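J.: Need a 3D model of the following:
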Amino acid sequence: MSYVAGADFGTLSVRVTLMHCDSGRTVASVAEGYPLHRDPADPLVARQSHADHMEALVRAMRGAIAEAGIDGHDIAAFAGDTTGSSVIVVDDRLEPLCDYYLWADHSAHREAEEITARARAEGLEAIDWCGGTYSHEWGYAKLLHFLRHNPDKRDRVGTALEHCDMLAATLSGVRDPARVPRSVCAMGHKWMWSPKWCGYPPQEFLSRVDPLLDGIKAKLESPVGMAPAVAGRLCPEWADRLGLRAGIPIPFGAFDAHWDALGSGGREGDIVNVVGTSTCFIAIAPASVHPVPGICGAVPGSVTPDTTGIEAGQSATGDVFEAIARRAGTDLATLSAGLEHSRPGQTGLLRLPWDTGDRTVLVRSDLGGVTLGWDLGHSAADELHAAIEGMAMHTRIIHDRIAETGMHIRHVINGGGIPQKNDVLNQVYADVLGCPVRVPATSPTGVGSCIMASVACGAFPDIDQAQDRLAPEPRVFTPDPERAARYQQLFELFRDVYHGFGEGAALDLRAVLPRLRAFRLEHAPG
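T.: Numbering: from 1, shown residues only. Okay, the predicted model is just below:
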């Protein structure tokens, strides 16, 4: 019997999934949490401990083995994905010098602005493949922030690592920065790495951003590869702690959304909306695509070796829904009751989902959420429905921008945790996007990791055949023609307001509120 293990590290917990390759069944799925360190005085801070991550992994793995009722030595491979860009600075023995700057840590916005300005001024090609803007959520910005704010640790810096690479190195027993197996997914999307320009940006460029980055390119140099190629093998120490067999293969890691796209059944030509706390959009595109402004990155090999992964995102999705419920003094399930009967635009509210800024396509961390059209009769449930509509319309703007890369969109898939329990969201997305939306019938979380592990150990010859066996079948939400036509009208208004408020495009402000009021009155009783 052939079992594989996959770990998915999220914002607040790690989930270990065990799958049986022959039957395609999930035999166990166990999550264990870890703390997120926030600073009440600084809302930009979000940090996590490497030790907390690894202790949670041990608990989740041992719990999954117990739940499955199997011998851990029967597990043939392990693969892990993580959030990104979640960056840790380590010494020359890979001992942490700080906690992870989690993906949600926005402390490095000034550093990102400086990197972007320098790259644009010098015509650095790498910035084009980042969509024209280097994000405060990404590697160099966070590393530079660390160097500026920890002068007592600068001379101890051995390298900086993405979480997925630190995980693979730790489990493989790697202690030398020059031997760390780095992921194409992480390095390409967050560190401007590409074979096209022989790896990382020139050291001279990085030093002109800030002399504190002198020598950093050499410290980042180590093997770069892409899953399902094997990055290392489980070392005896961690095999013992996890309850697994030493020597099993560990493929190169990746970011959670990229492997969630595979676990959701995504193939070349598909866009997977990985909808959770935030949303990460993963387009699995042909190699012939070209970069466009506002997209987080286009990286060959970041999802599968033979395609180009295009990444975009919403900085907050589920977080926005939860915040609306929290402010109303209730829970999200209670507040959502009855929303399935809501018609397009019936609230007369238009909500721009910028509560933690705009990741794509404006790439502006300085924006805030906007809800237009309030009157005295509105409820928190109205705002929640408007927020779902706003997320869907923002998604359409992002999909339209991805299509400008030259990608023909074959299927749209709603992956992640929220679509599993929110059919209202899935139907609104189908109606707004004007196309069928596929939703995995069972949770895809961790399935992508198991797919990569199964290929790494030879259970399947390639990713496609592993998906055929392990990825869940989809449910399909079909757009309603009448609702889609109505949403087309609302989307045209949303698009105008989005670009008007977000980048100063021409906008007739006098017409916005009357147009929203007309939507509301159309559905008023009598």
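
J.: can you pull the contacts of the residue nearest to Trp193 when sequence neighbours are not counted?
T.: Spatial nearest neighbour of Trp193, excluding adjacent residues (C-beta to C-beta, 6 or more residues apart in numbering): Met187 at 3.7 Å. For glycine as for every other residue, the C-beta is placed from the backbone atoms N, C-alpha and C. Met187 makes contacts with Glu162, Trp193, Tyr200, Val224, as judged by C-beta atoms under 8 Å, 6 or more residues apart in numbering.

J.: repeat for Met452
T.: Contacts of Met452 (C-beta under 8 Å, 6+ apart): Gly6, Ala79, Ala227, Pro228, Pro251, Ala254, Trp259, Leu262, Ile463, Ala466.

J.: tell me the phi and psi of the fourth one?
T.: With angles defined as degrees, to the nearest 10, Pro228 sits at phi -90, psi 20.

J.: isn't Ser238 right next to Ala169, touching?
T.: One thing to correct before we go on: residue 238 is Trp, not Ser. No: judged on C-beta atoms under 8 Å, Trp238 makes no contact with Ala169 at a distance of 10.9 Å.

J.: quick one, which of those two is more surrounded?
T.: It is Ala169, of Trp238 and Ala169, that has more neighbours when counted by other C-beta atoms under 10 Å, with 25 against 20.

J.: element containing the more buried one, please.
T.: helix 163-172 (DSSP states H and E).

J.: That helix: how far from the chain's middle?
T.: Between the centre of helix 163-172 and the centre of its chain there are 19 Å (C-alpha atoms, centre = their mean, to the nearest Å).

J.: what do you get for stretch 461-475?
T.: On C-alpha atoms, centre = their mean, the centre of stretch 461-475 falls 21 Å from that of its chain.

J.: got a list of contacts for it?
T.: Taking C-beta under 8 Å, 6+ apart as the rule, stretch 461-475 contacts 19, 21, 24, 228, 262-265, 267, 304, 413, 438-444, 447, 450-452, 454-455, 459-460.

J.: low-scoring stretches of the stretch 51-200 of the chain, by residue?
T.: Applying pLDDT under 70 to the stretch 51-200 of the chain flags no residue at all.

J.: could you show me where the helices are in the stretch 251-400 of the chain, in order?
T.: Using DSSP state H, counting those that start in this stretch, the helices assigned to the stretch 251-400 of the chain run over residues 256-263, 318-327, 332-336, 380-403.

J.: Buried subset of the contacts of stretch 461-475 as a PyMOL selection?
T.: Buried members of the contacts of stretch 461-475, defined by 16 or more other C-beta atoms under 10 Å, are picked up in PyMOL with:
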select buried, resi 19+21+24+228+262+263+264+265+267+304+413+438+439+440+443+444+447+450+451+452+454+455+459+460
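
J.: Select from the contacts of stretch 461-475 every entry located in strands.
T.: The strands, defined by DSSP state E, take in Met19, Ile413, Arg438, Val439, Pro440 from the contacts of stretch 461-475.

J.: Could you count how many residues lie near Glu473?
T.: 9.

J.: pLDDT at it, what is it?
T.: Looking at Glu473, its pLDDT stands at 94.

J.: Could you find the closest non-adjacent residue to Ala218?
T.: Nearest one to Ala218, counting by C-beta to C-beta, 6+ apart, is Gln203 at 7.6 Å.

J.: Which strands and helices lie in contact with the helix or strand just after the helix holding Ala169?
T.: Counting by DSSP H and E, the next helix or strand C-terminal to helix 163-172 is strand 182-183. Where contact means 3 or more C-beta pairs under 8 Å, 6 or more residues apart in numbering; DSSP states H and E, strand 182-183 is packed against strand 159-162, helix 163-172, strand 224-225.

J.: what sits up against the first one?
T.: It refers to strand 159-162. Contacts of strand 159-162 (C-beta under 8 Å, 6+ apart): 82, 84-90, 94, 139, 142-143, 146, 169, 177, 180, 182-183, 186-187, 190-191, 216, 219-220, 222, 253.

J.: Return the list of strands paired to that strand, each annotated with direction.
T.: Looking at strand 159-162 with DSSP bridges, its partner strands are strand 87-90 (antiparallel).

J.: what's the spacing between the following helix or strand past the partner strand and its chain's center?
T.: Per DSSP H and E, strand 87-90 leads on to strand 100-101 as the next helix or strand towards the C-terminus. When C-alpha coordinates are averaged (C-alpha atoms, centre = their mean), strand 100-101 and its chain have centres 16 Å apart.

J.: Packing partners of strand 100-101?
T.: When contacts are defined as 3+ C-beta pairs under 8 Å, 6+ apart, strand 100-101 packs onto strand 42-48, strand 87-90, helix 139-149.

J.: what does that strand rub up against?
T.: Residues beyond strand 100-101 that count as contacts (C-beta under 8 Å, 6+ apart) turn out to be 46-50, 53, 85-88, 107-108, 142, 145-146, 163.
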